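[1] with the input below, show me the fold.
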Amino acid sequence: MPEIAADSELSEVAQQMSTQARTFLSTTTQVASGGFPGAELSLLLLATSDLLSAGARLAAIVDVVPVERFEPDAGRETDVDPLRTALAQMFDGFDDYVEVSDPVLSSEVASATVSGDLACVAAEVAKGLQHYDDGHELEGLWWWQFSYLSIWGERASSALRVLQGVLAHLRLDVDDDVAAEAEYDALHA
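    The predicted model follows:
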């Protein structure tokens, strides 16, 4: 007997979340391995945005409650240290950033890293994927929802903001002479 009825809305949400989790994990792994030179930031921006969109859908639905009140063993946790290390090397020079820890309750500032954020997100969505792939669809959905609200949603949002900011600086920060020449060319074309 399936854990979630195949034609239910929860089944659709779980399937979409599993697809986004796989895409995020694949993209971050391929980017970290150097598979997309020159497109790293754009691909990570897209994969993280898509994953956050799936997470927002999880937050918009009623709380998922598994039938069993304990979490089945999903097996070995995904080792994200190689991913974190590879991303840190790739992000050398802009990996570290500061953020407001809890913008709702405090103005305290904390340090973070993009590589650490993306690795944390990868670990959390991979754990939900382990449950899902083991046939515990409802448990996987519960884990993704819970960890979105408690961990990976915030980490992915922070990473997304930094990735977008770095990409904006790379594309928009130009020397004044280059900007003036482009403006002149545009006005006289």
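[2] burial count for residue 29?
    By other CB atoms under 10 Å, the residues close to residue 29 number 16. All C-beta atoms are positioned from the backbone trio N, CA, C, and that covers glycine.
[3] where does the residue lying closest to it once chain neighbours are set aside land on pLDDT?
    In this structure, residue 29 finds its nearest non-sequential neighbour in residue 83, 6.4 Å apart by CB to CB, 6 or more residues apart in numbering. pLDDT recorded at residue 83 is 97.
[4] residue contacts, residue 83?
    28-29, 32, 118-119, 122 (CB atoms under 8 Å, 6 or more residues apart in numbering).
[5] and with 7 Å instead?
    Shown in contact with residue 83 (CB atoms under 7 Å, 6 or more residues apart in numbering): 28-29, 32, 119, 122.
[6] please apply the same query to residue 20.
    Neighbouring residues of residue 20 by CB under 7 Å, 6+ apart: 50-51, 54.
[7] ok, 8 Å please
    For residue 20, counting by CB under 8 Å, 6+ apart, the contacting residues are 50-51, 53-54.
[8] try residue 27
    If a contact means CB under 8 Å, 6+ apart, then residue 27 has 43-44, 46-47 as its contacts.
[9] before we move on, what about residue 133?
    Residue 133 is in contact with 18, 140, counting by CB under 8 Å, 6+ apart.
[10] if I look at it, how far off is residue 17?
    Distance of residue 133 to residue 17, computed by CB to CB, to the nearest Å: 12 Å.
[11] cool, residue 99 as well?
    For residue 99 relative to residue 17 (CB to CB), the value is 26 Å.
[12] please say which of these two ends up with more neighbours.
    residue 17 (26 against 17).
[13] in the chain, which spans are strands?
    Applying DSSP state E to the chain gives strands spanning 96-100, 109-113.
[14] make TSV from the ones you listed and add mean pLDDT to it.
    Formatted as TSV, the strands of the chain follow (pLDDT from 0 to 100):
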stretch	mean pLDDT
strand 96-100	92
strand 109-113	94
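[15] what is the least confident helix or strand in this protein?
    Of all the helices and strands that make up the chain, helix 176-187 has the lowest average by mean pLDDT, DSSP states H and E, namely a mean of 70.
[16] who's in contact with residue 144?
    17, 21, 55, 58, 124-125, 128.
[17] and the pLDDT at it?
    Looking at residue 144, its pLDDT is 95.
[18] look up how far residue 188 lies from it.
    According to CB to CB, residue 144 stands 54 Å off from residue 188.
[19] for residue 47, same thing?
    To residue 188, residue 47 is 41 Å away according to CB to CB.
[20] those two: which has the busier surroundings?
    The neighbour comparison of residue 47 against residue 188 (other CB under 10 Å) goes to residue 47, with 24 against 6.
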